[in-house]
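Peer 1: let's see this in three dimensions:
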Amino acid sequence: MAAATITHYPPAEAAAPSAAPRKAHQQAGVQLEFALKVVMSDDEILERAREILAERLRRVASVFDAPDRVREYLTMHYAELQHEVFGVLWLDARHGLIEDELMFRGTLTQTSVYPREVVKSALLKNAAACIVYHNHPSGAAEPSSADELLTRNLKSALALIDVRVLDHLIVAGAGRPTSFAERGLL
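Peer 2: Residues are numbered from 1 along each chain as shown. Predicted coordinates:
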């Protein structure tokens with residue numbers, strides 16, 4: 001649970017007759033009251049942070065305008081999971097976020113991904129592009145040969161319906177997610 005600091009302020013009568021200290025005392029009292037009402041657990045704070053990052057990602061005109069926000073968002077949501085997940089950030093023609101869809105859940109070391117289901121979802125979302133992602137609970141962000149093969153298969157399948165795969169990110173722990181695009185693997 002988050003800790004709150006309580007500071008004792010003297011009663012208003014003991015304060016100097018000047019209006020400035022009295023106003024400061026009143027503001028401090030309001031801040032203390034607010035702080036006592038807004039005590040949140042660590043999990044509640046993290047969930048609120050996730051909501052804020054998701055909202056920031058939705059507000060950008062294009063994910064290319066804020067690639068660090070995409071990384072922050074994915075890290076905050078998926079870095080600490082104890083099982084693998086595979087998801088897609090569906091994007092419109094201007095690369096604005098349509099939806100973050102968590103498509104598959106796996107085990108500690110693997111996730112089964114079905115390109116057919118990814119293509120179906122792309123059509124339902126009316127997406128023009130996407131960024132695929134998955135996590136590595138092991139903390140190692142290096143792509144495996146299976147990750148590279150999956151990316152090629154998804155890129156080919158989605159190209160048939162004119163949906164571009166802009167990147168594949170691997171989230172592993174609190175480190176910077178690995179980008180297939182930056183490594184020339186797309």
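
Peer 1: going forward, measure contacts between C-alpha atoms and count neighbours the same way
Peer 2: Fine.

Peer 1: in the protein, mark out all the strands, start to finish.
Peer 2: Using DSSP state E, the strands of the chain run over residues 85-91, 97-105, 129-135, 164-171, 178-179.

Peer 1: which helices and strands sit right next to the last one?
Peer 2: Yep, that's strand 178-179 we're talking about. With contacts taken as 3 or more CA pairs under 8 Å, 6 or more residues apart in numbering; DSSP states H and E, strand 178-179 sits against strand 164-171.

Peer 1: for the strand it packs on, which strands pair with it and how are they oriented?
Peer 2: strand 129-135 (parallel), strand 178-179 (antiparallel) (DSSP bridges).

Peer 1: columns mean neighbour count, mean pLDDT and distance to residue 156 on top of the strands of the chain, output as TSV?
Peer 2: Conversion of those to TSV gives the following (neighbours: other CA atoms under 10 Å; pLDDT from 0 to 100; distance: least, CA to CA, whole Å):
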stretch	mean neighbour count	mean pLDDT	distance to residue 156
strand 85-91	23	96	16
strand 97-105	16	93	18
strand 129-135	25	96	13
strand 164-171	24	95	9
strand 178-179	20	92	18
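
Peer 1: tell me where this protein is predicted with low confidence.
Peer 2: 1-40, 42, 46, 50, 53-54, 56-66 (pLDDT under 70).

Peer 1: where do the helices sit along it?
Peer 2: Counting by DSSP state H, the chain has helices at residues 19-37, 42-59, 67-78, 115-125, 145-159.

Peer 1: returning to what we had before: possible to save the strands paired with strand 164-171 as CSV with distance to residue 51?
Peer 2: Shown next, in CSV, are the strands paired with strand 164-171 (distance: least, CA to CA, whole Å):
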stretch, distance to residue 51
strand 129-135, 19
strand 178-179, 23
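
Peer 1: re earlier: make CSV from the strands of the chain and add distance to residue 141 to it.
Peer 2: Below are the strands of the chain laid out as CSV (distance: least, CA to CA, whole Å):
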stretch, distance to residue 141
strand 85-91, 14
strand 97-105, 18
strand 129-135, 8
strand 164-171, 6
strand 178-179, 6
